[in-house]
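**Student:** based on what follows, work out the 3D shape:
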Amino acid sequence: MPPHPTLPDAPRWAALLTGWRRNPTAPTLQGRLTSTLQTLISTGQLSPGERLPAERPLAALLGLSRNTVAQALDDLAASGWVTRRVGSGTHVSGSAPRTAPLLTLRTPVSPAHPGPHPIHLTQAGPAELDFTIAVPLLTEPQRQRLREATLDAFQESLYHPLGLPDLRACIAEMYATQGLPTTPEQIIVTSGAQQAISLTATTLLRRGDHALLESPTYFGAIDVFRAAGATLTGVPITPHGVNPDTFMTLARTHAPRLAFLTPTYQNPTGTVLPTHARARLAAFIHDTHLPTIEDDTLTDLSFDPHDHPGSPPPRLSAHAPDAPIINVGSLSKLYWAGLRVGWMRVPHTLTAPLTQAKTLADFGGSQPAQHAALHLLQNLPTLRQERRDAITPARDHLAYLLRTHLPDWTFNTPHGGQFLWVQLPTPTASAYTHHAARHGLRLFPGASMGVDPLPDQYLRLPFTLHPDHIPEAVTRLSRAWAEFTSRGSERLA
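**Tutor:** This is a model prediction of the structure:
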C-alpha cells in the first residue's frame, strides 16, 4: 500500500468528522466538509487559534482529493472562520462565532447528520450497521419479563436518592455472595454505570489533579476524567491486563487522586487480570489510600459458567474489602441498554461524599426501572445464561468470518465481554473507518481509546449485532478494506 501522509492525532479528527458526508446542508462534498468544520468551530469543539490538519493528510483521512479539501478550507477562510497562511498552515480565527467550548468526546454518538446514506449502498440488510456501541438484543420473552417486573412500581410517591431499599439490599447480597462483604448502606443506585463513574470523578477530582487509567480503556471514562480537568496517565495493557509493577511505579511518580481499572474482560481488549496481580494491586491501593474505580460492568459476560475453572477470578476489591475501591456495575450490558440502572459499591471511607453527590444529582432514579432491576437481579443465573447463549454463537461466527475473509486482521478470541480487539495491517485505521462509512458501516478507531497515543492500527468490534446481520457486516468490512488498500493514499471522492 502506498504510504499515507501523517496526520497528528488522526483518531481525534476521525471522531470529530464522523458523519460529515451525511451533512444535509450542502449538495457537494466540499460544501458538506465546509459546513461540518463551521459547526465544530461554532460549538467550541475547535478552539480559537487551533491548527487544522494540512490538506494532504486530511484528504487521506477522509478519502477525498486534496483539491476538495483545499477548496473547503479556502471557503472557510473567505468567510472568516479560519486564517490561512503559506508556511504556517490553517488556524481557527479568533473572531469566528462560537459558543461555550466543548470537549472532543471519545464516546461515539449518533450521527450528527441523519440525512440520506450514499446512493452506492445497494447491499442487503440495513442501510447502516453500527459497530461503535455494544447493546444487547432483547427477545420477546425478555420484553414481557420487563413489563411484568414493573407492575408493583407505582405503589408509592417517595424519593429514594440512593435507590430503592430492596434493590440496594439485593445488590449488597449479590456482592457478599460473590466474596465481597457488603452492606446495603454501601450501595448507591445510579442511572447506569456512566453516572456512577461521573459522580465519582467529579467528587474526587479537581482541575489539575492526576488520574491513572488503563490504556486503551473505556472511552466514557476518558471523557469524564478529562471533563473534570484531570491530567490523564495511561498504564499500558499487556496480554494479561495491567502490570502491577508499572501501575505502582506510575502511581508513585504522579500521585494520582483517582484510578480506573477493568480487571475482568477489559474494555476493549478482553484481558483478564490474574488473581496474584489483583492481590498485589489491592494491597497497594489499600496501603496508599488511592481511590480506585473497579469497573464490573462486563464481569457477568463470561463464556463459561461461573462455576467453571476458567471463570473470572474474585474481584480486585475482594482482596481488600476495606480499601478505597469503588465497584461499579450495571444491567445495560447484561440485559438491556435501555434499562438505565447501575450502581456502585462504596467503601465506608467514601460513602459520605458520594452519597451527597448522588443526592444533589437527581434525588433518585426511575422507580419503574429500579423495580425491573430488582426483579431481574433476583434471578441473576438466568440472566447470565441467557446472555451467554446469545453472545457466544455471535462471537464465534464473527471471529470465523473475519478469519476467513480478512485473514490479515489479527485478534485473540476473548473468554468474556463483548468485543474483539482487532489489529489491522495499516498505520491509518482511522482513515479506514471513514472509508467504511461509505459502505454503510459505523466503526470506531481503536486509537481513540488510548489515554496515551496508541498505534493507529486497531478497531473495537462488538459481537452484539443481530446474528442475521453479521455476515453482511463482514462482507462490507471486506469490501471496504479491499478498496481502501488498493487505492492507498490516492483515494479520491
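**Student:** neighbours around the residue lying closest to A283 once chain neighbours are set aside, how many?
**Tutor:** Nearest non-adjacent residue to A283, counting by C-beta to C-beta, 6 or more residues apart in numbering: A320, 6.3 Å away. Any C-beta I mention is one placed from the backbone N, CA and C, and that applies to glycine too. Applying other C-beta atoms under 10 Å, we find 19 residues neighbouring A320.
**Student:** i'd like the first residue to be 363 from this point on
**Tutor:** Sure, I'll start counting at 363 from here, so that last one is A682.
**Student:** quick check: A682 touching H648?
**Tutor:** Yes. Counting by C-beta atoms under 8 Å, H648 is a contact partner of A682 at 4.2 Å.
**Student:** could you give the average pLDDT over the longest helix along the chain?
**Tutor:** Criterion DSSP state H: the longest helix present in the chain is helix 742-767. Mean pLDDT, taken over the full extent of helix 742-767, equals 93.
**Student:** again with stretch 831-851
**Tutor:** 90.
**Student:** go through that stretch and flag the buried ones.
**Tutor:** Residues of stretch 831-851 classed as buried: 832, 834-840, 842-843, 845-847 (neighbour count, 16 or more other C-beta atoms under 10 Å).
**Student:** how far off centre is it?
**Tutor:** 23 Å (C-alpha atoms, centre = their mean, to the nearest Å).
**Student:** picking that back up, the buried residues of stretch 831-851 in strands, which ones?
**Tutor:** The strands, defined by DSSP state E, take in nothing from these.
**Student:** for the residue nearest to A645, grab phi and psi.
**Tutor:** Dihedral pair for A682: phi -150, psi 80, per degrees, to the nearest 10.
**Student:** one more: the one 10 residues further on?
**Tutor:** Note on S692: backbone dihedrals following degrees, to the nearest 10 are phi -170, psi 160.
**Student:** my guess is it contacts W705. True?
**Tutor:** Yes. With contact defined as C-beta under 8 Å, S692 reaches W705; the gap is 7.4 Å.
**Student:** any shared contact partners between those two?
**Tutor:** A558 (C-beta atoms under 8 Å, 6 or more residues apart in numbering).
**Student:** the two: who's more crowded?
**Tutor:** Taking other C-beta under 10 Å, S692 and W705 do not tie; W705 has more neighbours (32 against 27).
**Student:** could you chop this protein up by domain?
**Tutor:** Here the domain parsing of the chain from automatic domain parsing is 372-496+751-852, 516-740.
**Student:** would you single out the least confident of those?
**Tutor:** domain 372-496+751-852 - the lowest mean pLDDT of those, at a mean of 87.
**Student:** what ranges do the strands span in this protein?
**Tutor:** So, for the chain - with DSSP E - the strands run 444-447, 451-454, 491-492, 549-552, 572-577, 593-600, 603-604, 620-623, 654-657, 687-692, 704-707, 781-785, 803-804, 820-824.
**Student:** could you find the closest non-adjacent residue to the residue nearest the centre of the chain?
**Tutor:** Geometric centre of the chain, nearest residue: F581, 3.8 Å, by C-alpha atoms, centre = their mean. Spatially, and ignoring its direct neighbours in sequence, F581 is nearest to R468 (3.8 Å; C-beta to C-beta, 6+ apart).
**Student:** what residues are up against that neighbour?
**Tutor:** Taking C-beta under 8 Å, 6+ apart, one finds A377, F581, G582, I584, D585, S810, M811 in contact with R468.
**Student:** tell me the two of the residues you listed that are most distant?
**Tutor:** A377 and G582 (13.5 Å; C-beta to C-beta).
**Student:** between these two, point out the one with more neighbours.
**Tutor:** The neighbour comparison of A377 against G582 (other C-beta under 10 Å) goes to A377, with 23 against 19.
**Student:** relative to R413, how far out is the closest residue to that one other than its chain neighbours?
**Tutor:** Nearest non-adjacent residue to A377, counting by C-beta to C-beta, 6+ apart: S810, 5.6 Å away. From S810 across to R413, the span is 20 Å (C-beta to C-beta, to the nearest Å).
**Student:** more crowded one of the two?
**Tutor:** Neighbour comparison, S810 and R413: the larger count goes to S810, with 26 against 13 (by other C-beta under 10 Å).
**Student:** as a quick check, tell me the outermost residue of the protein.
**Tutor:** V448 (38.6 Å).
**Student:** quick one: closest of the strands of the chain to P743.
**Tutor:** The closest of the strands of the chain to P743 is strand 687-692. By C-beta to C-beta, the value is 16.0 Å.
**Student:** those helices in the stretch 713-855 of the chain, which residues are they?
**Tutor:** 713-724, 729-739, 742-767, 791-799, 832-849 (DSSP state H, counting those that start in this stretch).
**Student:** ugh, typo on my part, it should be the stretch 463-612 of the chain
**Tutor:** 502-511, 527-539, 554-566, 581-589, 606-616.
**Student:** quick one: closest of the ones you listed to R746.
**Tutor:** That would be helix 527-539 among the helices of the stretch 463-612 of the chain, by C-beta to C-beta, at 11.8 Å.
**Student:** related to what we said a few turns ago, got the contact list for the residue nearest to the centre of the chain?
**Tutor:** L467, R468, T469, P470, F806, S810, M811.
**Student:** neighbours of the nearest residue to P755 once chain neighbours are set aside, just the number please.
**Tutor:** Of all residues not flanking P755 in the chain, P829 sits nearest, at 6.9 Å (C-beta to C-beta, 6+ apart). P829: 15 surrounding residues under other C-beta under 10 Å.
**Student:** and the residue nearest to I533 when sequence neighbours are not counted, how far is that from L660?
**Tutor:** Residue nearest to I533 in three dimensions, not counting chain neighbours: I549, with 4.9 Å by C-beta to C-beta, 6+ apart. Distance of I549 to L660, computed by C-beta to C-beta: 19 Å.
**Student:** switch the domains of the chain over to JSON lines; also include distance to R507.
**Tutor:** What follows is the domains of the chain, written out as JSON lines (distance: least, C-beta to C-beta, whole Å):
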{"stretch": "domain 372-496+751-852", "distance to R507": "15"}
{"stretch": "domain 516-740", "distance to R507": "7"}
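**Student:** select, out of the ones you listed, the one closest to R509.
**Tutor:** domain 516-740 (8.9 Å).
**Student:** just the endpoints, please. Distance across the closest one?
**Tutor:** End-to-end distance for domain 516-740: 20 Å, by C-alpha to C-alpha, to the nearest Å.
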